[in-house]
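Participant: kindly generate the corresponding structure for this input.
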Amino acid sequence: MSNFHAIMKSIVSGVLLLAFTGGVAEAAEGLDTGDTAWILTSTALVLFMTLPGLALFYAGLVRARNVLSVLMHCFAIAAVGSLVWLAVGYSLAFGDGGSANAWIGGLSKSFLSGVGVDSLTGTIPETVFFMFQMTFAIITPALIVGAYPERIRFAAVLMFSILWLVIVYSPVTHWVWGGGWLAEKGTMDFAGGIVVHVTAGVSSIVIAMMLGKRRGFPGEMRPPHSPVLTMIGAAMLWVGWFGFNAGSALGAGGSAGMAMTVTHISAATAAIVWAGIEWIRFGKPSMVGIVTGMVAGLASITPASGFVGPVGALVIGTAAGVICQWATTYIKLTLKIDDSLDVFAVHGVGGVIGSLLVAVFAAAAFGGLGLPEGQTMGGQLVVQAIAIVAVAVWSAAATWGIVKITQVIVGLRVSTEDEIEGLDIVDHGERGYDLT
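Facilitator: Residues are numbered from 1 along each chain as shown. Sure thing, here's the model as predicted:
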C-alpha cells in the first residue's frame, strides 16, 4: 500500500510539474532572453549618453559661470521628459491612432495602460521597448540645450522641452517608427537621423534665431572654459552611441553587430578628418575639434547604421567631417546665427547627410544590406528627401509656435544683468567652481 501511495504521489507531482512548466513556456513564448538582455544594456547606454555624456560635453563648451546651468538643463530634461513619455509621449508615438494612425498614435497606451509584464514588442518585453525609446525621447530635446545656453530662463527650458516632446518629437516618431505615413513610404531611418537629429537640429536653429545672440557674439566670445570636460563627455557619447545604434536592431544579432561596427568606423573617420582639416588650416588640431568631428560622424551614421557596411561608414564619416565643419563656420561667421554649441551644424546637417547617403550605400554593391524590395537607389533617395523636408518643415513651424507660447507664459530670455552675472547664480544659486 505504501508503494501505491508513493507511485500516485510521483504521478501527481509529475502532472503538476508538467502543467506548471507548460504554463511558463506559454507565457514566455516569443520572448528572447538574449535580445532582452541586450536592449536592457542598450537602454542604460543611451541614458548614459545624456547623463553624464552630453551634459559634460556641453558644460565644457560654455563659460565657467554657466556650467551648472547647462548640467541642470540636461538633468531636468531627463526627469520631465521621462514623465511626459509615460503620460502621453509613448502612446502618441507608438499607440494606435485609429483613423488618424498615419499621423499620430492615440492615447490608448497613456501611463502604459494595457501594458503588462507579459506584453511583448517583437522578442522583448514591451516595458523594455518603452524604456529604450524613452531614452531617445530624453536625449533629443537635451540636444537642443546646445542652441540656447547662457541666456535662457530655466522655466523656459522646462516649458519648451515638454511642449516640444508632445508636439514635435512624438508625432515624428510615429510617422517614421510607429507605422505612420513616412513608414508607409519606406523611409529608412535605423536609429534616428531624421527622428532625432533633423528634429533637434532644425528646432535648434529656429530657437537660436528667435532667442537672439549672446552678449558679444561673435567678436567677443571667449573659448570653451574646459575642453577637458568636453572630451570626457564626448568619450561617454562615443561609448553610449553603441546602445543608440546597435540597440535599435532590437535584438542581439548580426544587424546589431554591423550597426556597432559602422558606428565606430564613421566616428573615427569623421574625428580624424575634422582634426586634419584644422591642422591644415590653422597649423594645430584642437581637442574640441576632434571630439566635435567624432560627434558629427556618430550623428551622420545613425540613420544608416543598420543598413550600410564599412565602405558606407567610411564615406559617411568623411562627408560628416568635411561638411559639418564647414557648416559650423558658415552658420556662425557668415549667417551670424548664435547656435551656440553647433547643434544644427553637427546634428541637423549630420542627420541629413546620413539620411540621404543611406539610399546609396545600403545597396549591396557597396556592401550594404540592400534597399527595400523593388526600390531603386534613385527612388529611395526621393523617399528620404521627402521625409527630411517634411520633418524639417514641421519641426521649424512647430518650434516657432512653441517658442511664442513659452515667451508669453514664462518669458524666454534673461536680462542683460543676469547674463553678465551668469545663470549658475541667477537661476540656481550655486557655482560650478569655488575660485576664492
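Participant: buried set for stretch 423-436?
Facilitator: Across stretch 423-436, burial judged by 16 or more other C-beta atoms under 10 Å covers 423-424, 426-427, 432. C-beta coordinates here come from the backbone N, C-alpha and C atoms, glycine included.
Participant: as a markdown table, these with distance to G297 and secondary structure would be great.
Facilitator: Below are these laid out as a markdown table (distance: C-beta to C-beta, whole Å; DSSP: H, G, I helix; E, B strand; the rest coil):
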| residue | distance to G297 | secondary structure |
| --- | --- | --- |
| L423 | 31 | helix |
| D424 | 32 | helix |
| V426 | 36 | helix |
| D427 | 34 | helix |
| G432 | 29 | coil |
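Participant: mind listing the helices for the stretch 101-250 of the chain?
Facilitator: Counting by DSSP state H, counting those that start in this stretch, one finds helices in the stretch 101-250 of the chain at the ranges 126-143, 154-164, 170-177, 181-184, 199-211, 227-246.
Participant: for A396, which of those is the nearest?
Facilitator: helix 199-211 (5.2 Å; C-beta to C-beta).
Participant: tilt between the closest one and helix 154-164?
Facilitator: Counting by axes from the mean of the first three to the mean of the last three C-alpha atoms, to 10 degrees, helix 199-211 lies at 140 degrees to helix 154-164.
Participant: residues in contact with helix 199-211?
Facilitator: For helix 199-211, contacts defined as C-beta atoms under 8 Å, 6 or more residues apart in numbering pick out 140-141, 143-144, 146-148, 151-152, 160, 164, 168-169, 172, 331, 337-340, 343-344, 346-351, 391-392, 395-396, 398-400, 403, 412-413.
Participant: if we can go back for a sec, and of the helices of the stretch 101-250 of the chain, who's closest to G219?
Facilitator: That would be helix 199-211 among those, by C-beta to C-beta, at 17.5 Å.
Participant: would you mind giving the domain segments of the protein?
Facilitator: 1-30, 34-428 (automatic domain parsing).
Participant: in CSV: those, plus mean pLDDT.
Facilitator: Formatted as CSV, those follow (pLDDT from 0 to 100):
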stretch, mean pLDDT
domain 1-30, 42
domain 34-428, 97
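Participant: any idea which of those is most buried?
Facilitator: domain 34-428 (a mean of 21; mean count of other C-beta atoms under 10 Å).
Participant: start to end distance for that domain?
Facilitator: 44 Å (C-alpha to C-alpha, to the nearest Å).
Participant: what is the lengthiest helix in the chain packed up against?
Facilitator: The longest helix of the chain (DSSP state H) is helix 377-409. On a contact count with 3 or more C-beta pairs under 8 Å, 6 or more residues apart in numbering; DSSP states H and E, helix 377-409 meets helix 154-164, helix 170-177, helix 181-184, helix 199-211, helix 349-361.
Participant: now these in CSV, with distance to M221?
Facilitator: Putting these into CSV (distance: least, C-beta to C-beta, whole Å) gives the following:
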stretch, distance to M221
helix 154-164, 21
helix 170-177, 33
helix 181-184, 38
helix 199-211, 14
helix 349-361, 21
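Participant: for G429, what are phi and psi?
Facilitator: phi 70, psi 20 (degrees, to the nearest 10).
Participant: so how far is R63 from it?
Facilitator: Counting by C-beta to C-beta, to the nearest Å, the gap between G429 and R63 amounts to 18 Å.
Participant: and for G379?
Facilitator: Relative to R63, and taking C-beta to C-beta, G379 is found at 49 Å.
Participant: what does G81 give?
Facilitator: 26 Å.
Participant: close enough to count as contact, E430 and L71?
Facilitator: No: E430 is not in contact with L71 according to C-beta atoms under 8 Å; the separation is 10.2 Å.
Participant: quick one: contacts of whichever strand or helix holds F75?
Facilitator: Per DSSP states H and E: F75 is located in helix 67-84. Residues outside helix 67-84 that contact it (C-beta under 8 Å, 6+ apart): 47, 50-51, 54-56, 58-60, 62, 89, 134, 137-138, 141-142, 145, 149-150, 154, 157-158, 161-162, 165-166, 225-226, 229, 422-424, 427-428, 430-433.
Participant: can you list contacts of the very next helix or strand once past that helix?
Facilitator: Sequence-wise, the next helix or strand downstream of helix 67-84 (DSSP H and E) is helix 90-94. For helix 90-94, the external contacting residues (C-beta under 8 Å, 6+ apart) are 104-110, 112-113, 130, 133-134, 137, 166, 169-171, 173-174, 177-178.
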